[in-house]
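**Q** model this:
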Amino acid sequence: MALTAIDWHGKRIKTKLTKSQVEQSPNVDTDQPVSRQQEINYHRYFGYPNYWEGPWLWGLGPYPVMTSGGEIRDYERRWEWGDKDPGDPHLRSSTAVIGYHIEATDGDIGHVEDFLVEDSSWAIRYMVVDTRNWWPGKKVLVSPEWIERVDWSDSKVHVGVTREQIQQSPEHDPLDPVARDYEARLHDHYGRPSNTPRPAGKEPVQ
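**A** Below you'll find the predicted structure:
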């Protein structure tokens, strides 16, 4: 909600917040998961709508803007919040998952190296999997929709695909943007439809 632009050359993220707003915002322990109570305090402080109280990724809309409606909704599916765990959810940093082993349906097949985020909706579009520890492999992408669960105690990410599917997946080059034709080949390879198509010109960022 607060971000306005990314200066890729200068490596800066621009926001519409003042220094005072940031300095006086609710504190958070970065070594711990963020609880729903902390989120509520944060949203109240900045006057943001609760993303968990609506059918879209950001509650009232698929993108982090303070409006509802608009043609961009055609690009984003509804989020089935009702299917999520009704308990007290906690947010965890993606950096905590870096290095976790990937557990396919038939065994280990690499580790989590990175995540790709779309810079318009800020949704995690793909998880980068490095398979080189298992054989002279490569880096491939796995959609978060194919993740079945994360085992925090064993540091494993369980995915609903086989080792062979990951091994034979189209290779990902971190230096190249994720183009639409690559995404089409990726989803065709796994036999999974793409439920979150992107607006034209929007590429996930690493």
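**Q** The most centrally placed residue in the chain and Asp88, how far apart?
**A** Residue closest to the mean C-alpha point of the chain, counted by CA atoms, centre = their mean, is Ile124 at 1.6 Å. As judged by CB to CB, to the nearest Å, Ile124 and Asp88 stand 22 Å apart. Placement of C-beta: from N, CA and C, glycine included.
**Q** Break the chain down into its domains, please.
**A** Per automatic domain parsing, the structural domains of the chain span 3-91, 94-205.
**Q** Now do the contacts for Lys14.
**A** With contact taken as CB atoms under 8 Å, 6 or more residues apart in numbering, Lys14 is in contact with Leu3, Thr4, Ala5, Ile6, Asp7.
**Q** buried set for stretch 45-54?
**A** Tyr48, Tyr51, Gly54 (16 or more other CB atoms under 10 Å).
**Q** Equivalent analysis for stretch 100-117, please.
**A** 100-104, 109-117.
**Q** CA atoms of that stretch as CSV?
**A** Provided in CSV are the C-alpha atoms of stretch 100-117 (Å, rounded to 0.1, in the frame of the first residue of the first chain):
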residue,chain,number,x,y,z
TYR,A,100,14.9,-25.4,2.9
HIS,A,101,14.9,-28.8,1.2
ILE,A,102,12.3,-29.5,-1.5
GLU,A,103,10.3,-32.7,-0.8
ALA,A,104,8.6,-33.9,-4.0
THR,A,105,5.9,-36.6,-3.8
ASP,A,106,8.6,-39.2,-4.2
GLY,A,107,11.6,-37.8,-2.4
ASP,A,108,14.0,-34.9,-2.0
ILE,A,109,14.9,-32.9,-5.1
GLY,A,110,16.8,-29.7,-4.3
HIS,A,111,16.5,-26.7,-2.1
VAL,A,112,14.9,-23.3,-2.1
GLU,A,113,17.2,-20.6,-3.5
ASP,A,114,15.0,-17.6,-4.0
PHE,A,115,11.5,-16.3,-4.7
LEU,A,116,10.1,-14.3,-7.6
VAL,A,117,7.7,-11.5,-6.8
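**Q** Name the residues that touch that stretch?
**A** With CB under 8 Å, 6+ apart as the test, stretch 100-117 has contacts from 94, 97-99, 123-134, 137, 139-142, 150-151, 155-163, 165-167, 174, 178, 204-206.
**Q** Kindly recompute the last result at 6 Å.
**A** Stretch 100-117 is contacted by residues 94, 97-99, 124-131, 134, 155-159, 161-163, 166, 204-206 when judged by CB atoms under 6 Å, 6 or more residues apart in numbering.
**Q** Would you write a ChimeraX line that selects the buried entries of these?
**A** The buried residues among the contacts of stretch 100-117 can be selected in ChimeraX (16+ other CB under 10 Å) with this line:
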select :97,125,126,127,128,129,130,131,134,156,157,158,159,161,163,166,204,205
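**Q** and the contacts of stretch 100-117, which of them are in strands?
**A** Taking DSSP state E, the ones among the contacts of stretch 100-117 that sit in strands are 124-130, 156-159, 204-205.
**Q** Just the closest of these to Lys11, please.
**A** Val205 (12.4 Å; CB to CB).
**Q** Just the strands from this protein, written as ranges.
**A** Applying DSSP E to the chain gives strands spanning 3-7, 12-15, 34-35, 90-91, 101-104, 107-118, 124-130, 139-142, 147-151, 156-159, 204-205.
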